[in-house]
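Asks: Following is a predicted model, sequence given first.
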Amino acid sequence: MAPAVNLTPKTRGRLTASLPEDRLAELRSLLDTRRKGFSLEAPFYTDPAVFTADMEGIFGNHWVFAASVAEVPEPGDYVTVDYGPYSLIVLRNDDGGINVLHNVCRHRGARVLTEDSGTTGNLVCQYHSWTYNAEGTLIHASAPGEADFAKGCYNLKRAHSREVAGLIFVCLADEPPEDFDEVAKIFEPYLGPHELAKTKVAYQQNIVEEGNWKLVMENNRECYHCDGHPELACSLFPTWGLTDGIIPNHLEDVWQRNLNAQDALEERCRRYGLPYEVVEELDTRIAGIRISRESLDGAGESFSATGRRLSKKLLGDLRDFRLGRCSMHLQPNSWFHFLSDHVITFSAFPINEHQTLVRTTWLVADDAVEGVDYDLDELTHTWKQTNLQDKNFVELCQRGAASPAYESGPYMKSEYQVEAFISWYVARMQEHMA
Amino acid sequence: MAPAVNLTPKTRGRLTASLPEDRLAELRSLLDTRRKGFSLEAPFYTDPAVFTADMEGIFGNHWVFAASVAEVPEPGDYVTVDYGPYSLIVLRNDDGGINVLHNVCRHRGARVLTEDSGTTGNLVCQYHSWTYNAEGTLIHASAPGEADFAKGCYNLKRAHSREVAGLIFVCLADEPPEDFDEVAKIFEPYLGPHELAKTKVAYQQNIVEEGNWKLVMENNRECYHCDGHPELACSLFPTWGLTDGIIPNHLEDVWQRNLNAQDALEERCRRYGLPYEVVEELDTRIAGIRISRESLDGAGESFSATGRRLSKKLLGDLRDFRLGRCSMHLQPNSWFHFLSDHVITFSAFPINEHQTLVRTTWLVADDAVEGVDYDLDELTHTWKQTNLQDKNFVELCQRGAASPAYESGPYMKSEYQVEAFISWYVARMQEHMA
Amino acid sequence: MAPAVNLTPKTRGRLTASLPEDRLAELRSLLDTRRKGFSLEAPFYTDPAVFTADMEGIFGNHWVFAASVAEVPEPGDYVTVDYGPYSLIVLRNDDGGINVLHNVCRHRGARVLTEDSGTTGNLVCQYHSWTYNAEGTLIHASAPGEADFAKGCYNLKRAHSREVAGLIFVCLADEPPEDFDEVAKIFEPYLGPHELAKTKVAYQQNIVEEGNWKLVMENNRECYHCDGHPELACSLFPTWGLTDGIIPNHLEDVWQRNLNAQDALEERCRRYGLPYEVVEELDTRIAGIRISRESLDGAGESFSATGRRLSKKLLGDLRDFRLGRCSMHLQPNSWFHFLSDHVITFSAFPINEHQTLVRTTWLVADDAVEGVDYDLDELTHTWKQTNLQDKNFVELCQRGAASPAYESGPYMKSEYQVEAFISWYVARMQEHMA
């Protein structure tokens, strides 16, 4: 864990302080009267005041997946990550650690780095050349006649960061929630064998969905809508989220195929010493998680039409392509698929109450050669299509929530993870607003 | 009248509940101090809070013209109509009646139908395939393991509808205002002979005007600005709105020609048994109306440069092209011209406090053949030009109202129908906000 | 001073009346606790409520530079000028004076003139042809049957104007601040010799910067960032804003060259009877001003790469090209460079809290011929580039101020004029909000 020097100010109340007390009382009341098993009331999706509270209570206080090691492999490599009103620099320092710096110059407030990603030595603000080192320390202000100028008071503000199994997480709170250590211990054994440190970015897609970030997450947490994903359904069993006893007739065959494939996968996992059991603590802890290794349809290797591999190079020390997908869901805003031949990371970065940036990154073995070991269009096809379809679903819901005729609707059994996301959200917000 | 099952919730207070009490008090005060004979104070045109109140008090409580029968002639035909925060499906059912359904799925709130118009059997939500019949009844939810799921509780919400003389009206209130029956009896004899059921849509135009819906309506209710409509002035006498004794010198000739043409028209109407008298109850009842049959200039037949017909097929059982225009104004948001050869319907659908969708639909006899009986460009030329000119006028006023130098200005005698619209609006809002 | 007939209504409280008392109290508190020598707190740059207060307290109460005489040389010539919610017509009348009229028709509130500039006789509203003379008097309303209509009550509202040394200023207050007379006496001798009345507009540029107007002004008031202006630095000494004792080593040579050039310039000024001394009363009076004549680098004539002239025609009765730049800064929103061969005027017109229109106008001798006496691209090159660079700086700051991590930063010694602008702003607003 990088030393957290010169932290962001206490976030509790910093954003919601701008809201009148009656709006806060209204929000508390909406949280307290939320009907279990039902979608949220419309203001949670449409009200800018709720968005402000979300940015403080959820994104200001929790660990947020920001990038993978493959995006910042070398000292000086950085990405900028924006969510809500925040802009952050995620930077690999010379010691190989990660520094997270607020992208706001301490002189006149200019954005310091303006590219999405790049490599830098010191960080030099374009405006008046105030220069910070990778730790955010102001080392040069070039101000004529300011010999007495107290440089030490004007370092870039920093945030906490963690790197686990090649995934970099950020937390803006003064005191990050402590249970992330436990969660890291849960998922490290699942993801470690894929060795993200030996991968590279094959492609990154940023799409803006015209919908609240919670609708993006709700959509991610169920496969009841998977009839809308024909490409994905070739490899991902559309029985995902179902359990014995509630399998519809037309999916009986698929379910049986799934069970058989899962048995075979688990046998392989045991052989290779890979964990596969479901760990599901989505709303029973602060750093909500679900992780498991699950079989894929067809060849069982990757997200292709036949289930066959999409890159010829195995990741890490893996010795078999038929490892299905190790999938992880994290609260509040990320999900992941770790396959034998590639990894996909997803994060939902809220822009405002009705827009969300969804960033999808495809990683392959760092020695895989495009055009030789993998075809970029084939590699990205299934999830590019799936993302577009999901964007449409999210946007239909956002438009619907704007109507006074909208009313909370019931989640079905196969949507229990949506319920888990919402009940986690409500509990976290209740605690924050208390 | 379609049976109103599962109605929208009580609209009074549903939208304005989100406004602080001092804003409501301010609005009440603005209504109560409105200066008769003068345009409204600026907030009525620029304030989002007033817009919210308008959507509740006017569009939530009154009969609104939504479409004509020619737009939904067959069972399964539908149009979607949006105003303010509402999205509605106007659907012809198998019994030949009209159902109006809120376009919001009862599961997760997605828009159910996403096209402007089309033909459908059941209504299937794209997201999770929840399936409603034409009555809005949820008949299939395809939810695994939900045998006990109480489908009956999740029908699409419905609104009231009326079809009179081929015009379809919608009302979102629990209990629609009752005087619409009386008004229907007034206008049915005027419009009935044009037999909309035997027409088809020749063209529909949707334009977004950057102005408050009330400015759109005010502009429609006077011809004092008709110097700005050179194409329209070829056939529509620019003395419209004037009365004996206030005719300006330069319009004396036109006025005399108008009187003569009107005499001849009324003679013809009496021969054919068509009503023509002015009925004007614009601000003396809830469903404010003005209707009359008035002569056109030149050949007296249609909205062309010469006043000659624009379609060779007479509508319904009409036996003469020289029938002028039967024109109807309805509060809050529609106007109509019924001619012997075609009909034009207009509606103003508010989008927000500074934008309004104006929908214009040209109808011709269903057996008229484009290119043979009518030329589409000629048919639509006059009102396409007029609409663009009106859009400019409305937008000039919206921009002006934003200035602190704006002040209510006096309506002239020829603008008495603007005054009638505004005084109707103020009275209706006062009653609603009381 | 033009006679101020039918003035705008009292501006104090007109705009802020729409703000709740707690927001006003918050603003007063922010003003009262402003830390001297530091940039403003974020709400001053991002909050719409502060923008509303700025429009009332600053732009509603102070003299604002609107245009130069070269833009409205002949009777009937006008420009329209918009800032904040206001739209104004600045018109040369038949007596050679300037009338400033609110661009809002007194009938239904339409914008009267819709072009940015032009020549007009009477002012005729497009909507209903209400016709005003150049004094704003309603002379024709063409309303049928309105013989009794009290035309005298519906003249266009007017604002105060002043024309000094060819610069036209506007004030919306009932009683404009009186010290402008003193300030006019200060700057008239500096600018008069350039004889703006004998110039013409060579080019006008309007750019919208995505930043609060105060960030635009702060950026204008220091050269600490001039490393970001390579084109400008060819002729404008980048030591601008520095004083003996705080010259950085790498600028020692430049500083010495500057001192020598300044000595030579002052010698020439004395020979020609041109004032050159610095008068600096930026935050010590209501109409804050800084003016001086300062040397340019290289040939010392103009803003070119070599410092050589950009137009071959001297302005007014000037007899030497080597006159450097007579530069003037005025609060709240303008700055000027008067050179021997051309003049550039700049004004920042606020649009909303995060957008500002920056208007730059290049004036040359009225007998200078484009392509012969000056090349338009060369004439405008340096400041077009500089404006784009400044736009980028302003926008970086606006984005930074949106982050909760933004915190007021310290102004350096070389930014003392930024401090002067901000302390002027704070004092003026405190007085207004008291």
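Replies: Nice, thanks for sending it over.
Asks: isn't A:C125 right up against A:A110?
Replies: Yes. In this structure, A:C125 is within contact of A:A110 by C-beta atoms under 8 Å, at 5.5 Å. Glycine gets a C-beta too; all of them are placed from N, C-alpha and C.
Asks: Which one's more surrounded, these two?
Replies: A:A110 (29 against 26; other C-beta atoms under 10 Å in any protein chain shown).
Asks: Nearest the geometric middle of chain A, what residue?
Replies: Chain A has A:S334 as the residue nearest its centroid, 2.3 Å off, counting by C-alpha atoms, centre = their mean.
Asks: Hmm, A:I344 and that residue touching each other?
Replies: No. Assessed by C-beta under 8 Å, A:S334 is found out of contact with A:I344, at 11.2 Å.
Asks: Next, count neighbours for the residue of the stretch 51-200 of chain A found nearest chain C.
Replies: Relative to chain C, the nearest point of the stretch 51-200 of chain A is A:G145 (2.5 Å; C-beta to the nearest C-beta). By other C-beta under 10 Å, the residues close to A:G145 number 16.
Asks: residues contacting the residue in the stretch 301-434 of chain A that chain C sits nearest to?
Replies: Per C-beta to the nearest C-beta, A:N352 is where the stretch 301-434 of chain A lies closest to chain C, at 11.2 Å. Residues near A:N352 by C-beta atoms under 8 Å, 6 or more residues apart in numbering or on different chains: A:48, A:51, A:84.
Asks: what's the distance between the longest helix seen in chain A and the middle of its chain?
Replies: Counting residues, the longest helix in chain A under DSSP state H turns out to be helix A:376-401. Distance of helix A:376-401 from the chain centroid (C-alpha atoms, centre = their mean, to the nearest Å) equals 16 Å.
Asks: which parts of that helix are buried?
Replies: A:379-384, A:386-387, A:389-401 (16 or more other C-beta atoms under 10 Å in any protein chain shown).
Asks: before we move on, what about stretch A:248-265?
Replies: So, applying 16+ other C-beta under 10 Å, buried residues of stretch A:248-265: A:248, A:251, A:254-255, A:257-258, A:261-262, A:265.
Asks: which of those residues come close to chain B?
Replies: Among the buried residues of stretch A:248-265, the residues lying close to chain B (C-beta under 8 Å from any C-beta of the partner chain) are A:248, A:251.
Asks: Show me the buried residues of stretch A:248-265 that map onto helices.
Replies: Reading helices off these with DSSP H, I get A:254-255, A:257-258, A:261-262, A:265.
Asks: quick one on the thing from earlier: just the ones of the contacts of A:N352 in strands?
Replies: Among those, DSSP state E puts none in strands.
Asks: Drop anything exposed from those residues.
Replies: Here, 16+ other C-beta under 10 Å leaves A:51, A:84 buried among the contacts of A:N352.
Asks: average pLDDT for stretch A:365-382?
Replies: For stretch A:365-382, mean pLDDT is 98.
Asks: no wait, stretch A:92-108
Replies: Stretch A:92-108 comes out with an average pLDDT of 97.
Asks: Now do the helix or strand following the longest helix of chain A: which elements does it pack against?
Replies: Proceeding N to C from helix A:376-401, the next assigned helix or strand is helix A:416-433, under DSSP states H and E. Under the contact criterion of 3 or more C-beta pairs under 8 Å, 6 or more residues apart in numbering or on different chains; DSSP states H and E, helix A:416-433 touches helix A:21-32, helix A:48-54, helix A:213-220.
Asks: Distance to C:E222 for those - can I get that in JSON lines?
Replies: Formatted as JSON lines, the helices and strands packed on helix A:416-433 follow (distance: least, C-beta to C-beta, whole Å):
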{"stretch": "helix A:21-32", "distance to C:E222": "40"}
{"stretch": "helix A:48-54", "distance to C:E222": "34"}
{"stretch": "helix A:213-220", "distance to C:E222": "40"}
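Asks: Comparing the ones you listed, which comes out most buried?
Replies: Comparing the helices and strands packed on helix A:416-433 by mean neighbour count (mean count of other C-beta atoms under 10 Å in any protein chain shown), helix A:213-220 ranks first with a mean of 26.
Asks: outside of that helix, which residues touch it?
Replies: Counting by C-beta under 8 Å, 6+ apart, helix A:213-220 makes contact with A:39-40, A:44-45, A:54, A:209, A:225, A:329, A:332-333, A:335, A:346, A:348-350, A:356, A:358, A:390, A:393-394, A:397-398, A:401, A:418, A:421-422, A:425, B:108, all of which sit outside it.
Asks: One more: stretch A:402-413?
Replies: A:35, A:37-42, A:46, A:224, A:243, A:246, A:400, A:418-419, B:8-9, B:11, B:14-15, B:60, B:85-87, B:102-109, B:128, B:141, B:143-146, B:149, B:154, B:157.
Asks: what comes up buried for it?
Replies: By 16+ other C-beta under 10 Å, the buried positions in stretch A:402-413 come out as A:402-413.
Asks: ok, back up a step: let me have the helices and strands packed on helix A:416-433 in CSV, extended by mean pLDDT and distance to A:I289.
Replies: Listed next are the helices and strands packed on helix A:416-433 as CSV, based on pLDDT from 0 to 100; distance: least, C-beta to C-beta, whole Å:
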stretch, mean pLDDT, distance to A:I289
helix A:21-32, 92, 23
helix A:48-54, 95, 20
helix A:213-220, 98, 14
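Asks: Out of those helices, the one nearest C:D283 is which?
Replies: helix A:48-54 (35.2 Å; C-beta to C-beta).
Asks: Which strands or helices does the closest one pack on?
Replies: Using 3+ C-beta pairs under 8 Å, 6+ apart, helix A:48-54 sits against helix A:21-32, helix A:43-46, strand A:342-352, helix A:416-433.
Asks: give me that answer again for 10 Å
Replies: Under the contact criterion of 3 or more C-beta pairs under 10 Å, 6 or more residues apart in numbering or on different chains; DSSP states H and E, helix A:48-54 touches helix A:21-32, helix A:43-46, helix A:213-220, strand A:342-352, helix A:416-433.
Asks: any idea how far A:Q205 is from the most far-flung residue of chain A relative to its centre?
Replies: Going by C-alpha atoms, centre = their mean, the residue of chain A most distant from its centre is A:G145, 46.6 Å out. Distance of A:G145 to A:Q205, computed by C-beta to C-beta, to the nearest Å: 49 Å.
Asks: how close does the closest residue to A:A420 other than its chain neighbours get to chain B?
Replies: Spatial nearest neighbour of A:A420, excluding adjacent residues (C-beta to C-beta, 6 or more residues apart in numbering or on different chains): A:L282 at 3.8 Å. Here the criterion is C-beta to the nearest C-beta, to the nearest Å. By it, A:L282 lies 18 Å from chain B.
Asks: So what's the residue count around A:L282?
Replies: 19.
Asks: returning to that earlier point: if we compare the helices and strands packed on helix A:48-54, which one ends up closest to C:D375?
Replies: strand A:342-352 (45.1 Å).
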